[in-house]
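In: This is a predicted model, with the sequence first.
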Amino acid sequence: MTSTARIARRCVPLAVTACLVALTTSCSKSSDVTTTAGGVKLVHKGRLTTCTHLPYAPFQSEKNGKVVGFDVSLMDLVAKKLDVKQDIIDKSFETIKTGADLNAGLCDVAAAGMTITDERKQNLDFSDPYFDADQALLARKGVEAKTLDDVKAKKLRLGSQAATTGEDKAHATGVDPQSFESSDAELNGLRTGRVDVLIQDYPVVQNWLKDSSVAAKFELLGTVPTGERYGFAVKKGGNPKLLAAINDAIGAAKKDGTYKKLYEKWIGPMPKGADK
């Protein structure tokens with residue numbers, strides 16, 4: 001996920017609603033902000049506007065002209081709780097994680113497979129964690145490396161998704177990776193031989209390996225334990241009632257089994273305790 005903002009942003013329709021955010025609108029006017037019956041402030045009446053960064057399967061990606069994935073499904077639960085529809089805006093991860101998009105009034109919530117960190121907490125208010133994620137190393141079959149230390153010692157070329165915690169982990173190990181704009185661009189870098197190994201979130205790598213063309217040539221070298229946890233985010237100090245609604249929706253989904261169903265649909269078998 002890049003530190004260089006995209007020049008244009010795309011507005012992608014969801015199954016629940018057509019995306020109505022005009023491409024020519026750089027930000028929402030303060031007069032556009034509305035309030036739901038429960039007192040939650042939204043930048044557009046009747047819609048929960050979500051900023052994300054595409055593609056990032058299995059959390060969010062385009063399929064048949066619509067955005068789908070684990071994050072999308074969870075935010076649909078929040079929208080349902082608020083009795084509104086969800087719209088999604090594709091933005092640079094850099095402007096998402098710094099809070100710039102939320103501060104500009106472009107969206108109500110950020111849902112982008114985003115790890116909760118102390119640095120990001122300075123710019124965003126995070127929901128309760130909704131997903132535990134380690135990093136994983138993917139390489140062409142035959143590459144002998146199990147850890148980042150092996151990658152460093154063997155002087156292998158590492159690829160990472162820019163502005164992510166996986167890239168931070170690589171730098172902390174003393175490896176200077178080649179940064180890619182998106183997860184798809186990162187995988188393409190491995191396909192074309194620009195890099196020897198990738199570091200990426202474990203569920204993303206597992207999703208790639210579901211593709212027979214990927215599994216035929218590449219393999220999982222190992223995992224990189226991080227203790228990372230994902231969270232949704234709202235404007236810093238700007239929307240506590242929305243944050244509460246997000247937490248309530250996640251909590252209810254974990255209690256009634258909906259979370260488990262969505263996890264298994266988009267990610268795979270749910271580890272014991274993952275819904276705690």
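Out: Perfect, thanks for sending it. Numbering: from 1, shown residues only.
In: alpha carbons only for contacts and neighbour counts from here, please
Out: OK.
In: tell me, how many neighbours does residue 116 end up with?
Out: Residue 116 has 22 neighbours, counted by other CA atoms under 10 Å.
In: Model confidence for it, exactly?
Out: Looking at residue 116, its pLDDT reads 96.
In: Which residues are in contact with it?
Out: Contact analysis of residue 116 by CA atoms under 8 Å, 6 or more residues apart in numbering lists 126, 129, 228-231.
In: what do you get for residue 186?
Out: 159-161, 179-180, 198.
In: Out of the residues you listed, flag the one nearest to residue 143.
Out: residue 198 (11.7 Å; CA to CA).
In: This structure: helices as residue ranges?
Out: 70-82, 93-97, 100-103, 118-121, 148-153, 165-172, 183-191, 202-208, 212-215, 240-256, 258-266 (DSSP state H).
In: Name the residues of the fourth one that are buried.
Out: Going by neighbour count (16 or more other CA atoms under 10 Å), the buried part of helix 118-121 is residue 120.
In: Please tell me how far residue 38 sits from residue 64.
Out: Using CA to CA, to the nearest Å, we find residue 38 at a distance of 34 Å from residue 64.
In: Compare those two (neighbour count), which wins?
Out: Ranked by neighbour count (other CA under 10 Å), residue 38 and residue 64 place residue 38 first, with 12 against 6.
In: How far away from the center of its chain is the longest strand belonging to the chain?
Out: For the chain, the longest strand by residue count, based on DSSP state E, is strand 218-230. In terms of CA atoms, centre = their mean, to the nearest Å, the centre of strand 218-230 is set 15 Å apart from its chain centre.
In: what angle separates it from helix 165-172?
Out: 100 degrees (axes from the mean of the first three to the mean of the last three CA atoms, to 10 degrees).
In: Tell me the helices and strands packed up against strand 218-230.
Out: strand 131-140 (3 or more CA pairs under 8 Å, 6 or more residues apart in numbering; DSSP states H and E).
In: Quick check: residue 33 touching residue 45?
Out: Yes. Taking CA atoms under 8 Å as the definition, residue 33 is a contact partner of residue 45 at 7.3 Å.
In: hmm, which helix or strand of the chain has the shakiest average pLDDT?
Out: Every helix and strand in the chain was compared by mean pLDDT, DSSP states H and E; the lowest is strand 10-12, with a mean of 40.
In: re the thing from before, tell me the buried residues in the longest strand of the chain?
Out: Buried-residue list, strand 218-230, by 16+ other CA under 10 Å: 218-224, 228-230.
In: Would you mind giving these as CSV with distance to residue 208 added?
Out: Formatted as CSV, the buried residues of strand 218-230 follow (distance: CA to CA, whole Å):
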residue, distance to residue 208
218, 10
219, 10
220, 10
221, 14
222, 15
223, 15
224, 17
228, 20
229, 21
230, 20
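In: Which member of those is positioned nearest residue 50?
Out: Nearest member of the buried residues of strand 218-230 to residue 50, counting by CA to CA, is residue 230, at 15.7 Å.
In: What separation is there between residue 117 and residue 172?
Out: On the measure of CA to CA, residue 117 and residue 172 end up 15 Å apart.
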